[in-house]
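Engineer: A predicted structure for the sequence below; I have some questions about it.
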Amino acid sequence: MNDLATTNRTIVVASRPTKKPGPENFAEKTVPVRTSEDGEVLVESLYLSIDPAMRVWLEEDPGYVAPLAIGDVMRAFGVGRVSTSRYAGLSVGDFVAGRLGWQSQPTLQGASLNKLDLDLGTPVDWLGPLGTTGLTAYFGILRIGQLKAGETVLVSAAAGAVGQMVGQIARLHGARTVGIAGGAEKCALVTDEFGFDQAIDYKAEDDMAAAIGGACHDGVDVYFDNVGGEILDGALANIRQKGRVVVCGRISQTAGRRQGLYNTGQLIGRRARMEGFIVTDFEDEFDDAQRWLAERLKAGKIHQKIHVLDGLEQAPEGLRMLFAGENIGKMVVKVGA
């Protein structure tokens, strides 16, 4: 624990990306640690999450959260340890999770942080399977997707942080799972490590609709969409009667060329439903979901591949890697000891 820290290393927004984000869009800045006021705590950042949503947060137009301004500390979820506390609900040494931002020693409102139960999982687990990643997968496939045993589930970005969790949760609920990933290595990971029944290498396919149809012979009951674009259109072409499309992300549409959809008419004839969501819609149910996930994590029934970069200064490079598809699994940056 670094109780005596006097400086806070930060990474701030320097410019807005026009295509894929990267180091050129950020700047490092060291500032004095801000003294905690009543209700606040000083946190030593340990691990910070790198997420596709960051590209949306960097856009000037408002989305589901307020856009970041030039010069703002980059928004990020993270886990850390309380160094000093003027908040009754947290003590020095407590492990916490919340929006720490890309900074080493943030001073934050104590009420904005969640105290972690390390009996359920490690600090990194609380960014992955027990954090927003696992919760997004859990509520997306079970509540928005309304998954039933015996159905066929198709997942894009299946080797990514959320996708790998969706497949494992769906399998535990009796579904047949087909994952879409880029490249032979990621496809092998999808089937061999995460237990998907089949994988589709989108980089090796010229016709995604045909490839999906070949893997999902009877059609797709639930499609969990992390990418948008051509893959979403191919899934719509194969959606079954009363099928559900869970819209979680659109990384292909924020990483470069944008593509419209041609097969939305399938939603009409197939009486299918396409619905987006934000994981905080289910905040009141997080505790129950985290206990469910923790039990299966401890039993070895689910796990997550973690891609760790060492050092706060690596965060912008981690974001570039994420949008270039160079990561395997959940991308995090290790900041503290």
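Structural biologist: Alright, I've got the coordinates.

Engineer: now the helices: where do they sit in this structure?
Structural biologist: 53-57, 132-139, 161-172, 184-192, 208-215, 229-237, 251-254, 266-269, 286-298, 315-324 (DSSP state H).

Engineer: buried residues in the last one?
Structural biologist: This means helix 315-324. Neighbour-count burial for helix 315-324 flags 315-323 (criterion: 16 or more other Cβ atoms under 10 Å). For the C-beta atoms, the positions are set from N, CA and C on the backbone; glycine is no exception.

Engineer: out of the helices of the chain, which gets the lowest mean score?
Structural biologist: Least confident of these, judged by mean pLDDT, is helix 251-254 with a mean of 65.

Engineer: if we can go back for a sec, columns distance to residue 273 on top of the buried residues of helix 315-324, output as a markdown table?
Structural biologist: Below are the buried residues of helix 315-324 laid out as a markdown table (distance: Cβ to Cβ, whole Å):
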| residue | distance to residue 273 |
| --- | --- |
| 315 | 37 |
| 316 | 38 |
| 317 | 39 |
| 318 | 35 |
| 319 | 32 |
| 320 | 35 |
| 321 | 34 |
| 322 | 29 |
| 323 | 29 |
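
Engineer: closest to residue 194 out of those?
Structural biologist: Taking Cβ to Cβ as the measure, residue 194 lies nearest residue 322 of these, at 18.4 Å.

Engineer: so that closest one touches residue 331, yeah?
Structural biologist: Yes - using Cβ atoms under 8 Å, residue 322 makes contact with residue 331 at a distance of 5.4 Å.

Engineer: give me the common contacts of those two.
Structural biologist: Jointly contacting residue 322 and residue 331 under the rule Cβ atoms under 8 Å, 6 or more residues apart in numbering are 50-51.

Engineer: sorry, back to before: ranking the helices of the chain by burial, who's on top?
Structural biologist: Ranked by average neighbour count under the criterion mean count of other Cβ atoms under 10 Å, the helices of the chain are headed by helix 161-172 at a mean of 27.

Engineer: for the residue positioned nearest the centre of the chain, give me its contacts.
Structural biologist: Centroid-nearest residue in the chain: residue 133, 4.5 Å away (criterion: Cα atoms, centre = their mean). Neighbour list for residue 133: 49, 127, 161-162, 165, 304, 330 [criterion: Cβ under 8 Å, 6+ apart].

Engineer: how about 7 Å then?
Structural biologist: Residue 133 sits next to 161-162, 165, 330 when contact means Cβ atoms under 7 Å, 6 or more residues apart in numbering.

Engineer: ditto for residue 324
Structural biologist: Applying Cβ under 7 Å, 6+ apart to residue 324 gives the contacts residue 20.

Engineer: ok, it to residue 333 distance?
Structural biologist: Computed as Cβ to Cβ, to the nearest Å, the residue 324 to residue 333 distance reads 16 Å.

Engineer: before we move on, what about residue 103?
Structural biologist: 11 Å.

Engineer: and for residue 311?
Structural biologist: To residue 333, residue 311 is 7 Å away according to Cβ to Cβ.

Engineer: over to residue 106?
Structural biologist: Taking Cβ to Cβ, one finds residue 106 at 14 Å from residue 333.

Engineer: between those two, who's got more neighbours?
Structural biologist: Per other Cβ atoms under 10 Å, whichever of residue 106 and residue 333 has more neighbours is residue 333, with 27 against 23.

Engineer: ok, back up a step: find the nearest non-adjacent residue to the residue nearest to the centre of the chain, please.
Structural biologist: residue 161 (4.7 Å; Cβ to Cβ, 6 or more residues apart in numbering).

Engineer: and for residue 61?
Structural biologist: Leaving aside its chain neighbours, residue 61 sits nearest to residue 67 (6.8 Å; criterion: Cβ to Cβ, 6+ apart).

Engineer: lowest confidence element among the helices and strands of the protein?
Structural biologist: The weakest-scoring helix or strand in the chain, judged by mean pLDDT, DSSP states H and E, is helix 251-254 (a mean of 65).

Engineer: partner strands of the longest strand along the chain and their direction?
Structural biologist: Secondary structure assigned by DSSP state E gives strand 40-50 as the longest strand of the chain. Strand 40-50 sits in its sheet next to strand 77-85 (antiparallel), strand 107-109 (antiparallel), strand 330-334 (antiparallel), going by DSSP bridges.

Engineer: angle of that strand against helix 161-172?
Structural biologist: 80 degrees (axes from the mean of the first three to the mean of the last three Cα atoms, to 10 degrees).
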